[in-house]
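Novice: With the sequence up front, the predicted model follows.
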Amino acid sequence: RRRLAVACTLAAAVIVSASGYAAVALSPGQHRPPLAPASHHHGPRIFVRIPAGAGVDALAVAGRDLYVATDYAGNPPYALSAYDRVTGTLIGRVRVPAMPAALHTGPGGSVWLSFYPDQNDGPSATWLLNTDLSRHSSYGGALFDLLPTGADTALLATQYRLTELRMPPPGTAGDAVARPDPSGAINGRFAVVGLTAIDGRVAARVIDGAGRYSHLVIAGQPQVRYGGGNSSLVGSVATEDRGIWATTTSSGRENVGPLVRLSPDLRVMTPRGVRTSPILRRSEQVWSHGSTVWVASAAAGHQLACFSYRGRMGPVSTIRVHGQPAAAAAAGDIIYVSFMTGVADATSDIRAYPVPAACR
């Protein structure tokens, strides 16, 4: 998306559950049916209809809920919505005051959202929300990404380092506490734009002030790095077990290139089956859930592929989908996907697809 990224300064002031942002949720006494096994889905089917002109910024799953952050071609209204991931029923929705930057779910079903100003201005903050989005606590600072570490704690990807954040429970009085992570130094020349947990460490994707030289480093060990060269710019990143999967591209080319697998200390350990796959050599984005790895590919007729990895790689399977994937999130044996529409910053409805048996 075309966004005007504005560097945000961390603020000490905190506003807790400022109820100026309307939310809808189940009223007391309303109950959803028990969570059915994901295999009860008979897909593919439209799971959530996205209004015309809207776009999905991010998807995330926690327990029985699917969370969807949206905007309108980079403009307001911005929103975060929760849907029952079996029925597709809207559970809750809250208006977001600026462009969503990062959406993650964490331990205990916690829901984390950060947002920052774009060309439409607006505030910068990180929210911790309850499951139906009816309550939130807020910290007045955010940038590009965050990594939940507990039900009320997260690491923020602030410029050049990591910051530890502890939030009060959603909707309760109290102040958030933010402090520099003592082992979270990254690099004085590169800004942190993405965080990934791997084997007790944190891998950070970093760029320079002009958005160039995208590469990975290990927090606290910035000398450990991968990528950043003209032929190995790092794009999308996901983890599986003790490995990092990353899409790479070459400088000056389209955002398409080989998928690689890295060890926790960023050594290349890409399986031969990945290196030789014509589908995975055209990778655009990567996601993971459990032992399943998902790849959005630019290979004609193979827009979404998957394989399992349990110490060794399983066969690559292609899922027949309805376009080029834009965002995805998996739970159980279902993956939820939104698609590009050809209209700038707009995406399609979200569809639910069963995970092929070979990828489980």
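Specialist: Great, that's in hand.

Novice: From here on, just use CA atoms for contacts and neighbour counts.
Specialist: Noted.

Novice: For Ile350, give me its contacts.
Specialist: 46-50, 336-339 (C-alpha atoms under 8 Å, 6 or more residues apart in numbering).

Novice: Now do the same for the closest residue to it other than its chain neighbours: helix, strand or coil?
Specialist: Residue nearest to Ile350 in three dimensions, not counting chain neighbours: Ser338, with 4.5 Å by C-alpha to C-alpha, 6 or more residues apart in numbering. Recorded secondary structure, Ser338: strand (DSSP: H, G, I helix; E, B strand; the rest coil).

Novice: Next up, the contacts around Ser338.
Specialist: By C-alpha under 8 Å, 6+ apart, the contact set of Ser338 is 56, 325-328, 347-351.

Novice: would you turn the residues you listed into CSV with pLDDT?
Specialist: Shown next, in CSV, are these (pLDDT from 0 to 100):
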residue, pLDDT
Val56, 94
Pro325, 95
Ala326, 93
Ala327, 95
Ala328, 96
Thr347, 79
Ser348, 80
Asp349, 89
Ile350, 94
Arg351, 94
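
Novice: coming back round to it: which strand residues sit across from the residue nearest to Ile350 in the sheet?
Specialist: Ala327 (DSSP bridges).

Novice: Low-confidence bits of the stretch 51-200 of the chain, can you list those?
Specialist: Along the stretch 51-200 of the chain, segments meeting pLDDT under 70 span 120.

Novice: So which elements touch the helix or strand containing Glu164?
Specialist: Glu164 is part of strand 161-166 when elements are defined by DSSP states H and E. In terms of contact count using 3 or more C-alpha pairs under 8 Å, 6 or more residues apart in numbering; DSSP states H and E, strand 161-166 is assigned the packing partners strand 153-156, strand 177-185.

Novice: pLDDT averaged over stretch 260-267 - what is it?
Specialist: Stretch 260-267 shows a mean pLDDT of 97.

Novice: So what touches it?
Specialist: Defining contact as C-alpha under 8 Å, 6+ apart, one finds that stretch 260-267 is touched by 198-199, 201, 216-218, 224-226, 242-248, 268-271, 274-275.

Novice: List buried residues within these.
Specialist: With burial judged by 16 or more other C-alpha atoms under 10 Å, the buried subset of those is 198, 216-218, 225-226, 243-248, 270, 274.

Novice: Now, those that are in strands?
Specialist: Counting by DSSP state E, the part of the buried ones among the contacts of stretch 260-267 found in strands is 198, 216-218, 225-226, 243-248.

Novice: which of those lies closest to Ala357?
Specialist: Checking those against Ala357 with C-alpha to C-alpha, the nearest one is Trp245 at 21.1 Å.

Novice: any chance you could map the helices in the stretch 151-300 of the chain?
Specialist: 272-275 (DSSP state H, counting those that start in this stretch).

Novice: Excluding covalently adjacent residues, which one is nearest to Thr126?
Specialist: Ser114 (4.2 Å).

Novice: Double-check the one you found against Asp145; I have them as touching.
Specialist: Yes. The pair Ser114 / Asp145 is scored as a contact, 7.4 Å apart, by C-alpha atoms under 8 Å.

Novice: quick revisit: buried among the contacts of Ile350? Make that a ChimeraX selection.
Specialist: The following ChimeraX line selects those of these that are buried, judged by 16+ other C-alpha under 10 Å:
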select :46,47,48,50,336,337,338,339
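
Novice: and the least confident of the contacts of Ile350?
Specialist: Within these, pLDDT is lowest for Ile46, at 83.

Novice: what's across from it in the sheet?
Specialist: Judged by DSSP bridges, the bridge partners of Ile46 are Arg351.

Novice: how near is Ala58 to Thr347?
Specialist: Relative to Thr347, Ala58 is positioned 11 Å away (C-alpha to C-alpha, to the nearest Å).

Novice: Same check on Pro77?
Specialist: For Pro77, the distance to Thr347 - C-alpha to C-alpha - is 15 Å.

Novice: Same question for Ala305.
Specialist: Counting by C-alpha to C-alpha, the gap from Ala305 to Thr347 is 19 Å.
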